[in-house]
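Asks: fold the stuff below for me.
(chains A and B)
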Amino acid sequence: ILNVEQSPQSLHVQEGDSTNFTCSFPSSNFYALHWYRWETAKSPEALFVMTLNGDEKKKGRISATLNTKEGYSYLYIKGSQPEDSATYLCACDDQTGANNLFFGTGTRLTVIP
Amino acid sequence: GAGVSQSPSNKVTEKGKDVELRCDPISGHTALYWYRQRLGQGLEFLIYFQGNSAPDKSGLPSDRFSAERTGESVSTLTIQRTQQEDSAVYLCASSLWAWSGANVLTFGAGSRLTVL
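Replies: Take a look at the predicted model:
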C-alpha cells in the first residue's frame, strides 16, 4: 500500500485567481502518477498521467509537474473559473502491483464567481 | 457502451440486508476495478479483474464482500449483511490494458450506498 497525501484538503478561490495544490507520495518504487478531476454527480475524469521525473503536462489552463526524486507533484490552475470547481484526486502506482492505483483523499476546490 | 455504467446510482438499505451493485464497463476494456470512498477518506481499492485471470481480491474489507465478473463484461459487487460502516460511494472503473501503471482508468458515476 502506498501512502499518497494531498494538500490542502479544501480550497476556496475567487474567479480569475490562479491556484495550485500538492500531491506527495513515496519516491521509492515509483512508476506513475495520475491526476483525476471529480465533479459533483459526475464520474472522476483523467487529467494527466506522468511517469518521468521532471515531466510537465498541460491541458488548457491546467498543468501539472512531477518530481519523482523528492516524491511530489503539483497541479496548477491558471485563471480559475467556476467550472473548475471539483475534487482533484491524485493517484500513484508502484512497480509492485500494476493493477492497483493508490489514491489520496483529494483537494476540494471551490471557485467563487 | 460509450462509458462505464453503474446501477443503482443511490441505494438506501437497512443494516443487515444484502445489496448488489452493478457495473457495465466500456466494451473491449479487459480490466475492471471496484473502489469505494467513505466520507472524508480517499478512494479505497476493493477488487480488480483482468480478463480471465483470477481476480485480485486483496482490497475486500471482509468476507461479507464479494464480486463477480462474467468474461470481460458486467460485474456485480455484493455486500452481505450490510453494516453502517459500509456506507460509501462505490466506484467502478475499467481500462484497456492493465499491466501498466500509466494506463488510464475510466470511471463510472458511482453507486452511493447508505446503510441505516
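Asks: drop to CA atoms for contacts and neighbour counts, all remaining ones
Replies: OK.
Asks: now the residue in chain A that chain B sits nearest to, nearest residue through space, not along the chain?
Replies: Nearest residue of chain A to chain B (CA to the nearest CA) works out as A:T105 at 3.7 Å. Leaving aside its sequence neighbours, A:T105 sits nearest to B:G42 (CA to CA, 6 or more residues apart in numbering or on different chains; 3.7 Å).
Asks: give me the neighbour count for that neighbour.
Replies: A count of neighbours around B:G42, defined by other CA atoms under 10 Å in any protein chain shown, yields 21.
Asks: next: the one 10 residues further on.
Replies: Neighbour count for B:N52, taken as other CA under 10 Å: 12.
Asks: in this structure it contacts B:G71, no?
Replies: Yes. Under the criterion of CA atoms under 8 Å, B:N52 makes contact with B:G71 at 6.4 Å.
Asks: may I ask which helix or strand of chain B has the lowest mean pLDDT?
Replies: Every helix and strand in chain B was compared by mean pLDDT, DSSP states H and E; the lowest is strand B:44-50, with a mean of 88.
Asks: show me what that strand is packed against.
Replies: Where contact means 3 or more CA pairs under 8 Å, 6 or more residues apart in numbering or on different chains; DSSP states H and E, strand B:44-50 is packed against strand A:102-103, strand B:31-37.
Asks: could you tell me the least trusted of the ones you listed?
Replies: Across these, strand A:102-103 has the smallest mean pLDDT, namely a mean of 85.
Asks: starting from the next helix or strand after it, tell me which strands it pairs with and how they run.
Replies: The element immediately downstream of strand A:102-103 (helix or strand, assigned by DSSP states H and E) is strand A:107-112. Sheet pairing of strand A:107-112 (DSSP bridges) gives strand A:10-14 (parallel), strand A:86-94 (antiparallel).
Asks: wait, a strand at B:Y90?
Replies: Yes. Per DSSP: H, G, I helix; E, B strand; the rest coil, B:Y90 lies within a strand segment.
Asks: that one reaches B:Y33, doesn't it?
Replies: No. Look at B:Y90 against B:Y33 with CA under 8 Å: they stay out of range, at 10.5 Å.
Asks: on the strand side of things, show who the residue sitting nearest the centre point of chain B bridges to.
Replies: Residue closest to the average C-alpha location in chain B (CA atoms, centre = their mean): B:W34, at 2.9 Å. Note on B:W34: beta-bridge partners by DSSP bridges are B:I47, B:C92.
Asks: list the residues that contact residue 68.
Replies: No chain in the question, so chain A it is. Residues in contact with A:T68 (CA atoms under 8 Å, 6 or more residues apart in numbering or on different chains) are A:27, A:30, A:52-54.
Asks: please go with chain B instead
Replies: Contacts of B:E68 by CA under 8 Å, 6+ apart are B:75-77.
Asks: of these, which belong to strands?
Replies: Among the contacts of B:E68, the members falling in strands (DSSP state E) are B:75-77.
Asks: what is the neighbour count of residue 3?
Replies: Since you didn't name a chain, this refers to chain A. Using other CA under 10 Å, A:N3 has 12 neighbouring residues.
Asks: my bad, chain B
Replies: Residues lying near B:G3 (other CA under 10 Å) number 16.
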